[in-house]
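# Here is the input, now give the coordinates:
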Amino acid sequence: MPEIRVAIVGVGNSASALIQGIEYYKNAKEDTSVPGLMHVVFGKYHIKDVKFVAAFDVNKNKIGKDLAEAIFTEPNCVARFADVPSLGVKVSPGPIMDGVAPHMKETFHANGNGEAKAASVVKVLKDAGAEILVNYLPVGSFSATRFYAQAALDAGCAFINCMPEFIASDVAWSGKFEEKGLPVAGDDIKSQLGATILHRNLVRLCVDRGVIVDETYQLNLGGDTDFQNMTVEERLKTKRVSKTEAVKSMVPYDLPTRIGPSDYVPFLGNKKICYLWLKGRKFGDRPLTVTVKLEVEDSPNSAGVVIDVIRAVKLALDRQISGKLLSISSYAFKHPPIQLPDSIAKEWVEEYIQAKRER
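Numbers count the residues shown, from 1 in each chain. Modelled structure (predicted):
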């Protein structure tokens with residue numbers, strides 16, 4: 001049977017939604033469509049072919065637990081929509097580094113686990129036979145992300161970067177993966193229908209219909225650890241860059257924007273509330289304003305996209321394609337190596353699946 005051996009960095013809400021999603025759709029019929037996935041069978045790989053073989057975290061209450069138990073351990077608060085049986089995978093300790101901000105140490109229970117060394121992380125990946133390492137570290141994890149990217153290189157793993165530290169879109173780092181003969185996809189996952197994809201397409205609609213967009217903003221509220229982590233503006237620099245470039249790339253001129261996380265509201269839990277506002281001018285310079293409110297469960301919103309990315313990266317491994325993957329990165333990430341309109345990016349991915357496009 002085909003198999004995709006996946007390791008995860010960061011056993012938080014996003015990882016929980018991903019793992020639950022594999023279980024939820026493992027029996028999906030090949031000729032059906034399911035919400036959030038491009039295809040039940042992507043290339044030759046079914047959803048159930050994704051197998052989790054290793055995981056890393058710094059939370060002492062998760063380390064040593066079976067991954068199936070750890071994904072429901074506090075402070076995780078994502079909805080439980082699938083019962084996950086024991087996976088036979090123990091969560092391994094990872095290095096704290098800058099993956100835990102000072103104000104998050106208590107929330108993440110990041111005490112007493114010690115500092116994992118590079119050699120131990122590489123050994124876990126090799127011993128598990130991991131093919132792909134998925135990075136779910138918190139926003140602001142500059143050094144920790146690069147630590148795991150290097151660990152993936154040393155262990156011979158492809159790398160999927162779901163957060164806004166730039167690896168796939170960085171020439172030097174993507175070049176390292178190309179030299180090693182390994183694919184890399186990223187950066188900063190774009191949800192199924194989230195704030196960024198909605199904002200991009202709203203702006204794109206205006207441009208396509210000849211509306212001049214003068215100003216726009218995007219405000220986001222949430223109550224999980226992702227938003228708690230982002231209450232410190234210093235950790236938000238690359239996140240704002242990623243989200244802002246994703247939207248501004250749809251406009252052939254510069255415009256004032258304010259885009260990114262706005263506040264932490266604990267009682268919202270894993271719910272994310274987004275407010276979009278746009279001011280523009282239509283025919284005769286007549287004013288136009290658009291106001292949109294979007295409410296979503298945040299973590300499941302990206303899980304299906306990551307399942308597609310995992311299978312796209314596995315196809316690259318099968319085809320011995322190395323370096324940055326342009327099609328799936330442009331479709332699935334906010335800050336890819338190249339920005340494309342979403343409809344074109346989707347066409348590129350379909351061509352890639354059929355091997356009509358190299359990467």
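# Going by C-alpha atoms from here, please, whenever you check contacts or count neighbours.
Will do.
# out of everything not next to it in sequence, what's closest to R357?
Spatially, and ignoring its direct neighbours in sequence, R357 is nearest to E351 (5.4 Å; C-alpha to C-alpha, 6 or more residues apart in numbering).
# Name the helix or strand for that neighbour, please.
Following DSSP states H and E, one finds E351 within helix 342-353.
# what's the offset of that helix from the middle of its chain?
Relative to its parent chain, helix 342-353 has a centroid offset of 18 Å by C-alpha atoms, centre = their mean, to the nearest Å.
# So what touches it?
F42, G43, N201, A312, L315, S327, I328, S330, Y331, R357, E358, R359 (C-alpha atoms under 8 Å, 6 or more residues apart in numbering).
# The first one touches R311, doesn't it?
Yes. Shown here, F42 and R311 form a contact pair, counting by C-alpha atoms under 8 Å, at 6.4 Å.
# List the contacts of the nearest residue to T225 once chain neighbours are set aside.
Sequence neighbours aside, P75 is the residue nearest to T225 in space, at 7.4 Å (criterion: C-alpha to C-alpha, 6+ apart). Going by C-alpha under 8 Å, 6+ apart, P75 touches G12, T107, F108, T225.
# Let's verify the closest residue to the second one other than its chain neighbours: helix, strand, or coil?
Okay, so that is T107. Using C-alpha to C-alpha, 6+ apart and skipping residues adjacent in sequence, the residue nearest T107 is P75, 6.9 Å away. The three-state label given to P75 by DSSP: H, G, I helix; E, B strand; the rest coil is coil.
# I'd like to know how far P75 sits from Y264.
According to C-alpha to C-alpha, to the nearest Å, P75 stands 15 Å off from Y264.
# pLDDT score for S262?
At S262, the model reports a pLDDT of 87.
# for L236, same thing?
For L236, the model assigns a pLDDT of 88.
# ok so, going back, format the contacts of P75 as CSV; extra columns: distance to F52 and secondary structure.
Formatted as CSV, the contacts of P75 follow (distance: C-alpha to C-alpha, whole Å; DSSP: H, G, I helix; E, B strand; the rest coil):
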residue, distance to F52, secondary structure
G12, 15, coil
T107, 25, coil
F108, 22, coil
T225, 23, helix
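# what's the distance between the longest helix seen in the chain and the middle of its chain?
Counting by DSSP state H, the longest helix found in the chain is helix 300-318. Between the mean C-alpha location of helix 300-318 and the chain-wide mean there is a distance of 10 Å, by C-alpha atoms, centre = their mean.
# Give me the next element, helix or strand, following it.
As assigned by DSSP H and E, the chain's next helix or strand after helix 300-318 is strand 323-324.
# What's the mean pLDDT across stretch 37-54?
97.
# What's opposite I259 in the beta bridge?
Beta-bridge partners for I259, by DSSP bridges, are Q218.
# That one is in contact with H199, isn't it?
No. With contact defined as C-alpha under 8 Å, I259 does not reach H199; the gap is 9.8 Å.
# residue contacts, T32?
V40.
# From L137, how far out is it?
According to C-alpha to C-alpha, T32 stands 33 Å off from L137.
# picking up where we left off before, out of I259 and H199, which sits in the more crowded spot?
Counted by other C-alpha atoms under 10 Å, I259 and H199 do not tie: H199 has more neighbours, with 27 against 23.
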